[in-house]
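# any chance you could fold what I've pasted below:
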Amino acid sequence: MAQTTNENDALVRRLSNDINQFKTTHHLPDDLESMTGAISHLQKQAQEVMRQKPKWQSYFQGQMITKDDYEFISQFDQLNAEGRAKMLADPNMRSQCAKTFLTLMSKLFKQQTLRYLLTLMDECLREDKSRVEIFNTYAKMKKEQLWSYFFNMFANQDQFVVYQTSRIISKLACWSVERMSSSDLSYYLAWLKEQLKPQGNEYLQSVCRNLQMMLRIEQYREAFVAIDGIPSIMQVLNNASVGFQVQYQLTFCLWVLTFNQSISTIMSKYTVIPRLAEILAETQKEKVTRMIVAFLRNLLEKPESDKVIRENAMTMIACRLVKPLELLSTKKFDDEDINENIIFIKEKLEGNLEDVTSFDEYAVEIRSGRLSWTPVHQSEKFWVENAAKLNEGNFELLKMLLRLLEQSKEPLVLCVAAHDVGEYVRHYPHGKKAIDKLDGKVIIMRLLENPDSNVRYQGLLCVQKLMVHNWQMADLFMRNR
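Modelled structure (predicted):
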């Protein structure tokens, strides 16, 4: 019993340390809005919206809003932050505040007025995050579902209204004492996930900012992974046209996710490391570097399993991260944590380099899905010694090669994978049977119709190797010709 208590205490301390770390790192405010040089399209529009005050009296005179709502909103709108704080110190005004905002959201349809109302509400919450409880308390008192007021706004044709509403939802979800219910949370996270598109969404930075907020909550992280959210993040990061600000924001999201031990354990299956290694080698922005090295460190520190940590280290080695890290270690950054993290990662990788085998490197490359003509692929010695190892773990690596041949669109990946399947068949006596059992022949034959000539060539060579049963006789025949 005492041991269980100690373990629980240790877990609480660890979670507390993690929470404090990513709350204080980079001095980020709770709503992540105060980032120098990172004004989103939505924020720019909001600044313009607030310059055009609605004529509240006209709405009252036209009997579109009640006297109570008119008196509150017209007075509230004229006050500065200090004046609003004094006004909302009155319990009656707090209740009226929630009633007025929620009522006007439902009643007013003029887009400019709705834009202004939502932006004013967002400002109100930013001035004092405890004000989220004004709305929660009112909804409970009225026995209403608070979230339905906001989710209904997603059907609005004005995209500013939609994304400004989303900002408010994130604040309410993250700053409230009570967390979002499971069904509401799944709905909202699924909506955010749907908005994660590398092209065609001018509000992408705002979507990322909402995710940054949401994923700092443990419960919300688990829910996001449960709806398969990480591949949506990677879909954006894999797009070369995405700017550095979005790269920073989404890497922040991945970093925060790794504070959950179970998520950090499965992160490698999403092939995050290869892409972040590419961005790290290319980026000139310190904030992006800072986030990537913090993420990589977590992958070498957070998983409970030593095996997973070693696999992550091997993937980083296979992605040739050692050299870029050496170059980065000679630079002086404004944030000292960057150099500290780089040193930590370098030492971990160098420690794993001491006993790495060529097959270890090969396996990591296959798992990464990013194949290239590294020396092992064309080494006769390598295939003689290691072809049979593709059968291990219920043919794990062989299945991965066939999956790449079936799903990849990259000619280089298809060429190398086809070559490797051919070499496997050539050097493993029962290779043809294994390929047949996995329905690999059909996948390989499709390569002969690929528009890329190099892919067709490698596919043809692979088919020829599948058709020849006795390679020693074939080699002898070729030498005697």
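
# may I have stretch 118-137 as CSV, with CA atoms only?
Only the C-alpha atoms of stretch 118-137 are listed here, as CSV (Å, rounded to 0.1, in the frame of the first residue of the first chain):
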residue,chain,number,x,y,z
LEU,A,118,-18.0,38.0,-30.7
THR,A,119,-14.8,40.1,-30.8
LEU,A,120,-16.0,42.1,-27.7
MET,A,121,-16.7,38.8,-25.9
ASP,A,122,-13.3,37.5,-26.8
GLU,A,123,-11.7,40.6,-25.4
CYS,A,124,-13.8,40.3,-22.2
LEU,A,125,-12.4,36.8,-21.6
ARG,A,126,-8.9,37.8,-22.4
GLU,A,127,-8.9,40.6,-19.9
ASP,A,128,-9.8,38.1,-17.1
LYS,A,129,-9.9,34.4,-17.8
SER,A,130,-11.9,33.7,-14.7
ARG,A,131,-14.8,35.3,-16.5
VAL,A,132,-15.5,32.1,-18.3
GLU,A,133,-17.3,31.0,-15.1
ILE,A,134,-19.8,33.9,-15.7
PHE,A,135,-21.1,31.9,-18.7
ASN,A,136,-20.8,28.5,-17.1
THR,A,137,-22.8,29.7,-14.1
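
# avg pLDDT for that stretch?
Stretch 118-137 carries an average pLDDT of 95.

# off-centre distance for that stretch?
In terms of C-alpha atoms, centre = their mean, to the nearest Å, the centre of stretch 118-137 is found 27 Å from the chain centre.

# got it, and stretch 237-256?
With C-alpha atoms, centre = their mean as the basis, stretch 237-256 stands 8 Å off its chain's centre.

# cool, stretch 173-181 as well?
With C-alpha atoms, centre = their mean, you get 21 Å for stretch 173-181.

# contacts for that stretch, please.
30, 125, 129-130, 132-133, 136, 147, 185, 188, 213-214, 216-217, 219-220 (C-beta atoms under 8 Å, 6 or more residues apart in numbering). Every residue, glycine included, has its C-beta placed from N, CA and C.

# again, 6 Å this time
Stretch 173-181 has contacts (C-beta atoms under 6 Å, 6 or more residues apart in numbering) with Lys129, Val132, Asn136, Met213, Gln219.

# next: stretch 120-127.
Contact with stretch 120-127 is made by Asp31, Ala81, Phe101, Arg131, Arg167, Ile168, Lys171, as judged by C-beta under 6 Å, 6+ apart.

# contacting residues for the third one?
The reference is to Phe101. Neighbouring residues of Phe101 by C-beta under 6 Å, 6+ apart: Met121.

# now it: which helix or strand?
helix 91-107 (DSSP states H and E).

# which of the residues in that helix are buried?
When burial is assessed from 16 or more other C-beta atoms under 10 Å, helix 91-107 yields the following buried residues: Met93, Arg94, Gln96, Cys97, Ala98, Lys99, Thr100, Phe101, Leu102, Thr103, Leu104, Met105.

# leaving out sequence neighbours, find the closest residue to the second one.
If I follow you right, that is Arg94. Take Arg94 and drop its neighbours on the chain: the residue closest to it by C-beta to C-beta, 6 or more residues apart in numbering is Ile134, 4.8 Å away.

# just to revisit the earlier point, adding secondary structure and distance to Leu280, write the contacts of stretch 120-127 out as a markdown table.
A markdown table is the format used below for the contacts of stretch 120-127 (DSSP: H, G, I helix; E, B strand; the rest coil; distance: C-beta to C-beta, whole Å):
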| residue | secondary structure | distance to Leu280 |
| --- | --- | --- |
| Asp31 | coil | 28 |
| Ala81 | helix | 40 |
| Phe101 | helix | 44 |
| Arg131 | helix | 40 |
| Arg167 | helix | 30 |
| Ile168 | helix | 35 |
| Lys171 | helix | 32 |
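
# a markdown table for the buried residues of helix 91-107, including distance to Met291 and pLDDT?
Output for the buried residues of helix 91-107, formatted as a markdown table (distance: C-beta to C-beta, whole Å; pLDDT from 0 to 100):
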| residue | distance to Met291 | pLDDT |
| --- | --- | --- |
| Met93 | 42 | 95 |
| Arg94 | 38 | 95 |
| Gln96 | 43 | 96 |
| Cys97 | 37 | 96 |
| Ala98 | 37 | 96 |
| Lys99 | 42 | 96 |
| Thr100 | 40 | 95 |
| Phe101 | 35 | 96 |
| Leu102 | 37 | 96 |
| Thr103 | 42 | 94 |
| Leu104 | 39 | 95 |
| Met105 | 35 | 93 |
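
# without its sequence neighbours, what residue ends up closest to the residue nearest the centre of the chain?
Geometric centre of the chain, nearest residue: Ile233, 3.7 Å, by C-alpha atoms, centre = their mean. Once flanking residues are discounted, Ile233 sits nearest to Leu250: 5.1 Å by C-beta to C-beta, 6+ apart.

# by neighbours, which of the contacts of stretch 173-181 wins?
Among these, Met213 has the most neighbours (other C-beta atoms under 10 Å), with 23 neighbours.

# any idea how far Leu172 is from that residue?
Met213 sits at a distance of 11 Å from Leu172 (criterion: C-beta to C-beta, to the nearest Å).

# any common contacting residues for these two?
With contacts defined as C-beta under 6 Å, 6+ apart, no residue is shared by Met213 and Leu172.

# burial count for Phe259?
Counted with other C-beta under 10 Å, Phe259 comes out at 21.

# surely Ala98 and Tyr138 touch.
Yes: at 3.4 Å, Ala98 and Tyr138 qualify as touching, with contact defined as C-beta atoms under 6 Å.

# which residues touch Ile292?
So Ile292 contacts Thr251, Leu276, Leu280 (C-beta under 6 Å, 6+ apart).

# now it: phi and psi?
Reported as degrees, to the nearest 10, the phi and psi values for Ile292 are phi -70, psi -50.

# for Ser58, see how far away it is.
According to C-beta to C-beta, Ile292 and Ser58 sit 53 Å apart.

# related to what we said a few turns ago, how about the helix or strand harbouring the residue nearest to Ile233, which residues are buried there?
Following DSSP H and E, one finds Leu250 within helix 244-257. By neighbour count on 16+ other C-beta under 10 Å, the buried set for helix 244-257 is 245-257.
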